[in-house]
Each structure stands twice: as structure tokens, then as C-alpha cells.
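[1] how would this look folded up:
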Amino acid sequence: MVGPCGGDTVHNNHQRPRRTRSGNLLLFTRNFFRHPRMLGSIVPSSRFLIKQLLEPIDWSRARVIVEYGPGVGSITAEVLDRMHADTMLIAIETNPDFVNYLRQTFTDPRLRVVEASAVAVDEILRRFGHERASYIISGIPFSTIAAPLRERILRKTCAVLEPGGAFLVYQFSTRVLQDLKRIFGYVGRKFEPLNVLPAHLFFCQAQAA
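    Down below sits the predicted model:
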């Protein structure tokens, strides 16, 4: 099972990027109307959702973290604040507007922003010298992804998690739950009402063979 955070929060010396909430929101909203099925929500994740989503992470053991669909970096910034100085965060984003924004906004050398689909997670990890990830975080709307592609993403995600690692997911529906249970085995659940839209959170781990 996914346990509570086992390590103290790490305060690093990297400065948080200078971003304005209005600028973030404008970019996010503009892209929502262009690609509503890609984003799922009209506004970025709330601090309440982010806190719950990151709660299971044991920062003392996390050395490679992957984020699917970082958008304007609301979760990205919080992960960078908490993770160790020698941890790598790989943000995988398909939207070129968000990719450009993230690369211009975040100067933290521990972050790698990749314009690609999450289905290439295994290849992307190898590109940066890794075979496995400690944690993978995702907000991409799986319910709007074609079933064959969704299956490939979830199976590759499960395959690249290191033993004891976890897939941390938030969604605005429970449609992906059966797929998560079938592929990962263990799925813990939470609900965050203080978000637009209210979100379902799933904490997934592969069962030992």
C-alpha cells in the first residue's frame, strides 16, 4: 500500500519562478478552449488538490519523478520545492504552448521538460539515464483518451515504476478506475471537493508477483 510521507520536507535553495496567477490562468484558459478534451478543466489545480496528491510521496527516497501533463506548472512548482537536490523531475507535455511556458519560467536544473506523449515514458527515462521512476504524477484526462492509447500509457507507467513506487493520479471522473485496478492491482482513493472541478485522486501500486 501507499504509505504516508516518510521523509521531511526538503527546503532547497532554488528560487521559485516568478509567475503571475493572472498570466498562468489566461494561458491555461486559452488552451482549455482550444483543447478542452486535453485539459479537462478550465483552471489549474487548486492548492488543496496538490496537497492531497503529493501527500503519499516519501521525499527521502524519491530520486526520479515524472509528471504527465504539467500544464502551467502548478504541481511542478510544489514538487520542485519538496524534492531533494539530487532528484530529477521529468515533465512530459504534449501542448507546445505549455512546453514553451515551462521552459521559460522554470530555471531549476533538476527539471527536464519534454514535448512528447506519456506513452513514450520508457524512452524518455532512458534518454536521461534512468530505467525506472520513483513516482509518476498525472492529471491528463484518461477518460478522453482512446482506449488503446490509454492502455499503453497505463501499462508502460506500471512497467517503469521502481519497486515500492507509485502512480499518483487525479481525474474529474471515475471512468479510469477499473483500468487502474486491472493494471496496478492496488488503488487507494481520495476525493477533493475544494477544486474546480471536484477531483478524484487515485494512488496506484503494482502488486508483487
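[2] Where do the strands of this protein begin and end?
    If DSSP state E is used as the criterion, the strands of the chain fall at 64-68, 88-93, 111-115, 133-138, 161-171, 185-192, 199-206.
[3] In TSV: those strands, plus mean pLDDT.
    Shown next, in TSV, are these (pLDDT from 0 to 100):
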stretch	mean pLDDT
strand 64-68	98
strand 88-93	98
strand 111-115	98
strand 133-138	98
strand 161-171	97
strand 185-192	95
strand 199-206	96
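[4] now those strands in a markdown table, with mean neighbour count and distance to E151?
    Where C-beta positions appear, they are placed from N, C-alpha and C, glycine not excepted. Converted to a markdown table, the strands of the chain look like this (neighbours: other Cβ atoms under 10 Å; distance: least, Cβ to Cβ, whole Å):
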| stretch | mean neighbour count | distance to E151 |
| --- | --- | --- |
| strand 64-68 | 25 | 15 |
| strand 88-93 | 24 | 18 |
| strand 111-115 | 19 | 22 |
| strand 133-138 | 25 | 15 |
| strand 161-171 | 21 | 14 |
| strand 185-192 | 15 | 16 |
| strand 199-206 | 21 | 15 |
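[5] With distance to I153 added, can I get the ones you listed in JSON lines?
    Shown next, in JSON lines, are the strands of the chain (distance: least, Cβ to Cβ, whole Å):
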{"stretch": "strand 64-68", "distance to I153": "8"}
{"stretch": "strand 88-93", "distance to I153": "10"}
{"stretch": "strand 111-115", "distance to I153": "15"}
{"stretch": "strand 133-138", "distance to I153": "9"}
{"stretch": "strand 161-171", "distance to I153": "10"}
{"stretch": "strand 185-192", "distance to I153": "16"}
{"stretch": "strand 199-206", "distance to I153": "13"}
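[6] Report the central residue of this protein.
    Taking Cα atoms, centre = their mean, the centroid of the chain lies closest to I137, which sits 2.6 Å from it.
[7] my guess is that one meets G71, correct?
    No. The pair I137 / G71 is not scored as a contact, 11.8 Å apart, by Cβ atoms under 8 Å.
[8] pLDDT score assigned to I183?
    Note for I183: predicted pLDDT of 97.
[9] any idea how far I153 is from it?
    Plainly put, I183 is 10 Å away from I153 if you go by Cβ to Cβ, to the nearest Å.
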